[in-house]
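Q: fold the following for me, if possible:
(one chain, ligands or ions: 1)
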Amino acid sequence: MSGRDADPLGGAVSDGILVVGGGIAGITAALEAAEAGVQVYLVEKSAHLGGRVAQLARYFPKLCPPTCGLEINYRRLRENRDVHVFTTAEVEEIRGEPGHYEATIRRHPRYVNDRCTACGACSAPCPVERPNPFDYGMSTTKTISLGHEMAFPMKYSIDASTCLFDDCAKCVDACPYGAVDLHMEEERIQLEVGAVVVATGWQPYDAGAIANLAFGHYPDVVTNVMLERMLAENGPTAGQVLRPSDGTPVRSAAFVQCAGSRDRLHLGYCSSICCLASLKEASLLLERNPEATAHVFFIDLRTPGTYEAFATKVLAHPNVRTTKGKVADILQDPDSGQLVVVADDMVAGAMRRLPVDLVVLASGMEPSLTQGRPAAEVAYDPDGFVAEGADGGGIFAAGCARAPVDVATATLDATAAAMRAIRVLRQATPLPAPTVTVPVP
Ligand SMILES: Cc1cc2nc3c(=O)[nH]c(=O)nc-3n(C[C@H](O)[C@H](O)[C@H](O)COP(=O)(O)OP(=O)(O)OC[C@H]3O[C@@H](n4cnc5c(N)ncnc54)[C@H](O)[C@@H]3O)c2cc1C
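A: Residues are numbered from 1 along each chain as shown. Below you'll find the predicted structure:
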């Protein structure tokens, strides 16, 4: 794969693996299978690979930027001709049985072809600014955009919901390579594969649904994924942590754990990542704003396994304070305009009111396949995650499509799913019996 989108392959193909979702889990499953000699069709619904990991500021526990891990994988993809990547594509239907599936892929037009060199000439004259989904709407971008500077494939795309098409067409005139095609059409691609890996990942739980936590009421109440973008050097504030309401540096932040999680009115389960994500974000906040204080409100801090050492280190910082207790309310002081966190301090046995500059809601991770599920024999657990071995043997789940997990677990999961998928292919097409040569005496 050279960084181009795959051609429609001129009809049916067979004996491969279909991987649905091009986040870290899907990329890993695709590469592991392809490097074992299997043809892989990787279908990603957005214009670029990388999933939510591309949007993180840094990874815990080492706090390296996500570009490290992703770039290595993109290089492996560029060097591998056996992974056929379809971006802006979705799986409509999967029919069949282990060893013999037919999948229908619907590829939406990107309106930019493979001649694109990512020079950016198309974007400059574009008159339409739209909320930037990569920054969760905290910045704007042109309707023809690259997404971000680490995009893979390194190719622009057009957001059809905001483009003025032939009423404007300035991007067509501006592109020196003839790469913009406003009349590109949707395609349907049929694939025959032996097994499927579903790696469709997660999406942030809608924090606006948690009425007492005031998301959407006050601009200084943000979610953990929004703070992740603020902390990122390529984010809306170039890595500075500023109050959205007035752009001043944040001197105090409250991290509200289990915002909607472990709550049967919202997400009944623990996302298992949010405590570590908040501790990571607290330590990055203190790196950027050394005078700031991070207050973490929690029911229990869950930092399993080897992450305990990371948590202990962050919690030892004198500017990290913890309160065991649920946050009941987020209010605004009418005089100062500052936010006030009202929480039940279980250790002190009293209600606590804490004024802060920024409130960060650690909202949980829900499966992204709550909408747009392909028509397929896939079973889901009661929380909407893909149930393992759903169709009885040929469809496997990996990463956050299966459960909310960290990156390390997602990649292990993906490798295991790839190996199981290969086993299904091998069972469907047994290897020829080995030839035994008996030496003639
Ligand atoms: C605030 C926060 C911070 C975090 N920080 C860390 C950290 O520091 N370290 C760490 O290890 N983990 C961290 N995580 C967890 C990390 O984000 C996940 O482990 C990781 O995203 C899992 O990757 P994935 O490929 O399973 O899913 P995703 O990253 O969600 O990727 C799924 C991909 O599938 C695509 N897709 C979805 N539906 C379809 C469809 N129907 N058809 C085709 N494609 C589809 C999506 O567009 C996406 O590209 C954090 C999580 C949160 C909430």
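
Q: hey, let's count contacts and neighbours off CA atoms from now on
A: Fine.

Q: what residues are up against Ala151?
A: Contacts here follow Cα atoms under 8 Å, 6 or more residues apart in numbering; on that basis Ala151 touches His48, Leu49.

Q: near the ligand at all, the helix or strand where Lys313 lies?
A: In this assignment (DSSP states H and E), Lys313 forms part of helix 307-315. No - shown here: helix 307-315 not in contact with the ligand (Cα under 6 Å from any ligand atom), separated by at least 10.2 Å.

Q: so after that helix, what's the next helix or strand?
A: Next in sequence after helix 307-315, counting helices and strands by DSSP H and E, comes strand 320-324.

Q: which residues of the stretch 51-200 of the chain score low on pLDDT?
A: Nowhere does the stretch 51-200 of the chain drop to pLDDT under 70.

Q: what about the strands in it?
A: Per DSSP state E, counting those that start in this stretch, the stretch 51-200 of the chain carries strands over the ranges 83-86, 89-97, 100-107, 129-131, 140-142, 144-145, 157-158, 187-198.

Q: one step back: what is the helix holding Lys313 packed up against?
A: helix 274-288 (3 or more Cα pairs under 8 Å, 6 or more residues apart in numbering; DSSP states H and E).

Q: parallel or antiparallel, list what pairs with the helix or strand just after the helix it packs on.
A: Using DSSP H and E, the next helix or strand after helix 274-288 towards the C-terminus is strand 293-298. Partners of strand 293-298 in the sheet, by DSSP bridges, are strand 252-259 (parallel), strand 320-324 (parallel).

Q: what's the spacing between the first one and its chain's center?
A: Looking back up the chat, that one is strand 252-259. Distance of strand 252-259 from its chain centroid, counting by Cα atoms, centre = their mean, to the nearest Å, is 22 Å.

Q: who's in contact with it?
A: 207, 210, 213, 270, 274-275, 278, 292-299, 327, 341, 356-364.

Q: what residue is smack in the middle of this protein?
A: Arg52 (1.9 Å; Cα atoms, centre = their mean).

Q: who's in contact with stretch 310-327?
A: So stretch 310-327 is contacted by 61, 256, 276, 279-280, 282-283, 286, 292-300, 303, 341-347 (Cα under 8 Å, 6+ apart).

Q: list buried residues within those residues.
A: When the contacts of stretch 310-327 are checked for burial by 16 or more other Cα atoms under 10 Å, the buried set is 256, 276, 279-280, 282-283, 286, 292-298, 303, 341-345.

Q: where does pLDDT dip in the stretch 301-441 of the chain?
A: Checking the stretch 301-441 of the chain against pLDDT under 70 turns up 389-392, 429-441.

Q: could you pull out the strands for it?
A: 320-324, 327-332, 339-345, 350-356, 358-363, 365-367, 395-397.

Q: pick the most buried one from the ones you listed.
A: strand 395-397 (a mean of 30; mean count of other Cα atoms under 10 Å).

Q: contacts for that strand next, please.
A: 98, 195-199, 378, 386-390, 414, 417, 420-421.

Q: re earlier: closest to the ligand out of the strands of the stretch 301-441 of the chain?
A: With Cα to the nearest ligand atom as the criterion, the ligand lies closest to strand 365-367 of the strands of the stretch 301-441 of the chain, at 5.9 Å.

Q: CA atoms of the longest helix that the chain contains as PDB?
A: If you go by DSSP state H, the chain has its longest helix at helix 407-428. What follows is helix 407-428 as a C-alpha-only set of coordinates in PDB (Å, rounded to 0.1, in the frame of the first residue of the first chain):
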ATOM      1  CA  VAL A 407      -3.800   1.000  23.200                       C
ATOM      2  CA  ALA A 408      -1.500  -1.900  24.400                       C
ATOM      3  CA  THR A 409      -4.500  -4.200  24.900                       C
ATOM      4  CA  ALA A 410      -6.100  -3.100  21.600                       C
ATOM      5  CA  THR A 411      -3.000  -4.100  19.700                       C
ATOM      6  CA  LEU A 412      -2.700  -7.500  21.500                       C
ATOM      7  CA  ASP A 413      -6.300  -8.100  20.800                       C
ATOM      8  CA  ALA A 414      -5.900  -7.200  17.200                       C
ATOM      9  CA  THR A 415      -3.000  -9.600  16.800                       C
ATOM     10  CA  ALA A 416      -5.000 -12.400  18.400                       C
ATOM     11  CA  ALA A 417      -8.000 -11.600  16.100                       C
ATOM     12  CA  ALA A 418      -5.700 -11.600  13.000                       C
ATOM     13  CA  MET A 419      -4.400 -15.000  14.000                       C
ATOM     14  CA  ARG A 420      -7.900 -16.400  14.600                       C
ATOM     15  CA  ALA A 421      -9.000 -15.100  11.200                       C
ATOM     16  CA  ILE A 422      -6.000 -16.700   9.500                       C
ATOM     17  CA  ARG A 423      -6.900 -20.000  11.200                       C
ATOM     18  CA  VAL A 424     -10.400 -19.800   9.600                       C
ATOM     19  CA  LEU A 425      -8.800 -19.200   6.200                       C
ATOM     20  CA  ARG A 426      -6.500 -22.200   6.600                       C
ATOM     21  CA  GLN A 427      -9.400 -24.400   7.700                       C
ATOM     22  CA  ALA A 428     -11.400 -23.400   4.700                       C
END
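
Q: tell me what that helix is packed against?
A: strand 16-20, helix 24-35, strand 187-198, strand 395-397.

Q: sheet-wise, list the partners of the shortest one with their directions.
A: For strand 395-397, the paired strands and their directions (DSSP bridges) read strand 187-198 (parallel).

Q: okay, and the beta partners of Thr223?
A: Beta-bridge partners of Thr223, as defined by DSSP bridges: Leu361.

Q: ok, it - contacts?
A: Thr223 touches Ala207, Val360, Leu361, Ala362, Ser363, counting by Cα under 8 Å, 6+ apart.

Q: and it, how close does it get to Tyr59?
A: 17 Å (Cα to Cα, to the nearest Å).

Q: within range of the ligand, give me the residues from the stretch 151-300 of the chain.
A: The stretch 151-300 of the chain comes close to the ligand at residues Ala199, Thr200, Gly201, Trp202, Asn224, Val225, Ile273, Cys274, Ala277, as judged by Cα under 6 Å from any ligand atom.

Q: kindly indicate which of those residues lies nearest Cys400.
A: Cys400 lies nearest to Gly201 out of these, by Cα to Cα, at 4.3 Å.

Q: please parse the protein into its domains.
A: 16-108+186-202+366-428, 206-363 (automatic domain parsing).

Q: just checking, Ala428 touches Gly99?
A: Yes - the criterion here is Cα atoms under 8 Å, and Ala428 meets it with Gly99 at 5.1 Å.

Q: give me the common contacts of the two.
A: Gly194.

Q: show me which of those two is the more surrounded one.
A: Gly99 (25 against 15; other Cα atoms under 10 Å).

Q: give the contact list for the more buried one.
A: Counted by Cα under 8 Å, 6+ apart, Gly99 has contacts Asp15, Val193, Gly194, Ala195, Gly394, Val424, Leu425, Gln427, Ala428.

Q: right, I'll call it a day here.
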